[in-house]
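Colleague: What follows is a predicted structure for the sequence shown.
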Amino acid sequence: MTKTFTLFLSTSPYSYENTLTTIKIAESVLNKGHVVNLIASGDGVYCFLKGQKAKGIPNAEERFSELIQKGLRVYL
Amino acid sequence: MGTIAMILRRSPYGDINAAEAVRHAMGGVADELSIDLILVDSGVLLAKKGQDDSGTGYTNLESALKDSIDMGVEVYADKLSVREQDMETADIVDGVKIVNGAEIAELIKEAKTTMIF
Amino acid sequence: MLVIVKNSPGTSDGKRGVKLARDMAADLCFVQNGVYFGQRERLEGFCGSAYILDEDVRLRGIRGEDIEKGIKTIDYDGLVDLMANEDKVIGIF
C-alpha cells in the first residue's frame, strides 16, 4: 500500500547531519514507491539555494535536485 | 608566534564542529602556526578508530585527524572524557596524547589564542 | 508507535526521547548521534523493540560487538518500512 511521508527540515544544509538523514530517508521512500513531501522551514530553506559548492559533505542542492527529479515534492 | 589552542567539545558528524576544528587546525599548521587540538567531552569520539564513511558523502574525519597529526597538529584527548565515552587507549588513533585536566589547563594557559568548536 | 532519537545519551533531547518511548511503551530507533545509546548498558531496562541505523553506527567507528545484543541493526530501507508500518512516528529527538 502506498503511504505518504512528510518530512520537516528546519536546519541549514551544512551545520548538522539532518540534511543527510533527510536525503537518505526521502531516497528510500521514493525507491519503495511511496509519496514523500518535504517541508523546508526556517534555515532549512537554504538547502534549496542554487549555486552551492559544498565538497566533503553531501551537496544539498545536487542531492535534493536528484530527488526532485525522482518525485520528491518540496514546499518552502 | 604563539600557539592556538582549539578545543573540540562535540562528537563528529552530528554537527559540523568536529570537521571545522580539524579543517582550521590543518589550515593553521599549513600557515606554520603552532596548533594544539584538545578533545574534551564527546569531542574525544573524533579520535575513535574504525570510522567508515562509505555511502554517506562525508569526509572521513578519522583520516583527516591522522593527516592533521602528520602535518604537525598536536592532538590531545581528555582522559576523563575518554573514560566517560567508554573508550580505551586501543580505540584511539595513534599519535593522540591522553592528558588529564591539569595538563589541559596548562595547554590553554600557555596558548596565545583559544578557539572553541 | 515509534520514537526516533538522533541526539546522544549526554543530551537532554536524547534522554527525553528515550524517556518518552519508555513511558509510552513505544519502540525506539537511533540515528545520528543517537546511535551512542546502542552501546552496552546505556539502554538498561527498555522493554520495547529498539533499532539502530547501521550507516550512522559505521560512520562513527562503533563496532558491532559494542552494540547491545537486543538492538536490531537496520538500514534506511528498514527504517522506512518501520515508519510505514507504525501508526505514529514521533521525533526526531
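Modeller: Happy to help now that I have it. Computed from a predicted model, the values in this text were never measured in an experiment.
Colleague: So A:V74 belongs to a strand, correct?
Modeller: Yes - secondary structure of A:V74 (DSSP: H, G, I helix; E, B strand; the rest coil): part of a strand.
Colleague: OK, contacts around it?
Modeller: Residues near A:V74 by CB atoms under 8 Å, 6 or more residues apart in numbering or on different chains: A:37-38, A:40, A:48, A:64, A:68. From N, CA and C alone the C-beta is placed, and that goes for glycine too.
Colleague: run the last query once more with 6 Å
Modeller: A:V74 sits next to A:L38 when contact means CB atoms under 6 Å, 6 or more residues apart in numbering or on different chains.
Colleague: tell me the pLDDT at it?
Modeller: Per-residue confidence at A:V74 stands at 98 (pLDDT).
Colleague: for it, which residues make a bridge with it?
Modeller: Per DSSP bridges, the residues bridged to A:V74 are A:L38.
Colleague: Show me which residues of chain C are close to chain A?
Modeller: Residues of chain C lying close to chain A (CB under 6 Å from any CB of the partner chain) are C:31-32, C:76-77, C:80, C:84.
Colleague: do the same with chain B
Modeller: Counting by CB under 6 Å from any CB, chain B comes close to chain A at B:13-16, B:57-59.
Colleague: show me which of those neighbour chain C.
Modeller: Restricting the residues of chain B next to chain A to those touching chain C (CB under 6 Å from any CB) yields B:13-14.
Colleague: export the residues of chain B next to chain A to CSV and tack on secondary structure, distance to B:I35 and pLDDT?
Modeller: Converted to CSV, these look like this (DSSP: H, G, I helix; E, B strand; the rest coil; distance: CB to CB, whole Å; pLDDT from 0 to 100):
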residue, secondary structure, distance to B:I35, pLDDT
B:Y13, coil, 22, 98
B:G14, coil, 23, 97
B:D15, strand, 21, 97
B:I16, coil, 19, 97
B:G57, coil, 27, 96
B:Y58, coil, 22, 97
B:T59, coil, 18, 97
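Colleague: top helix in chain C by residue count?
Modeller: helix C:12-24 (DSSP state H).
Colleague: if we can go back for a sec, who wins for most neighbours among the residues of chain C next to chain A?
Modeller: In terms of neighbours by other CB atoms under 10 Å in any protein chain shown, the residues of chain C next to chain A top out with C:V31 at 28 neighbours.
Colleague: residues near the residue nearest to it when sequence neighbours are not counted, how many?
Modeller: Excluding its sequence neighbours, the residue lying closest to C:V31 (CB to CB, 6 or more residues apart in numbering or on different chains) is C:L53, at 4.5 Å. C:L53 has 25 neighbouring residues, counting by other CB under 10 Å.
Colleague: in chain A, which segments are predicted with low confidence?
Modeller: Along chain A, no part satisfies pLDDT under 70.
Colleague: Residues of it that sit close to chain C?
Modeller: So chain A meets chain C at A:3, A:17, A:21, A:24, A:28-29 (CB under 6 Å from any CB).
Colleague: Just the buried residues of those residues.
Modeller: A:17, A:21, A:24, A:28-29 (16 or more other CB atoms under 10 Å in any protein chain shown).
Colleague: can you put the residues you listed in TSV and add secondary structure?
Modeller: Listed next are these as TSV, based on three-state DSSP:
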residue	secondary structure
A:E17	coil
A:T21	helix
A:K24	helix
A:S28	helix
A:V29	helix
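Colleague: Now do the helices in chain A.
Modeller: Counting by DSSP H, one finds helices in chain A at the ranges A:18-31, A:60-70.
Colleague: nearest to B:M26, of the ones you listed?
Modeller: Distance to B:M26, taken as CB to CB, is lowest for helix A:18-31 among the helices of chain A, at 22.8 Å.
Colleague: okay, that closest one in CSV with CA atoms only?
Modeller: The C-alpha coordinates for helix A:18-31 follow below in CSV (Å, rounded to 0.1, in the frame of the first residue of the first chain):
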residue,chain,number,x,y,z
ASN,A,18,19.9,16.3,9.3
THR,A,19,20.5,17.1,5.7
LEU,A,20,21.9,13.6,5.0
THR,A,21,19.3,11.8,7.1
THR,A,22,16.5,13.6,5.2
ILE,A,23,18.1,12.8,1.8
LYS,A,24,18.6,9.2,2.7
ILE,A,25,15.1,8.7,4.1
ALA,A,26,13.5,10.5,1.1
GLU,A,27,15.6,8.4,-1.3
SER,A,28,14.5,5.2,0.2
VAL,A,29,10.8,6.2,0.4
LEU,A,30,10.8,7.1,-3.3
ASN,A,31,12.6,3.8,-4.2
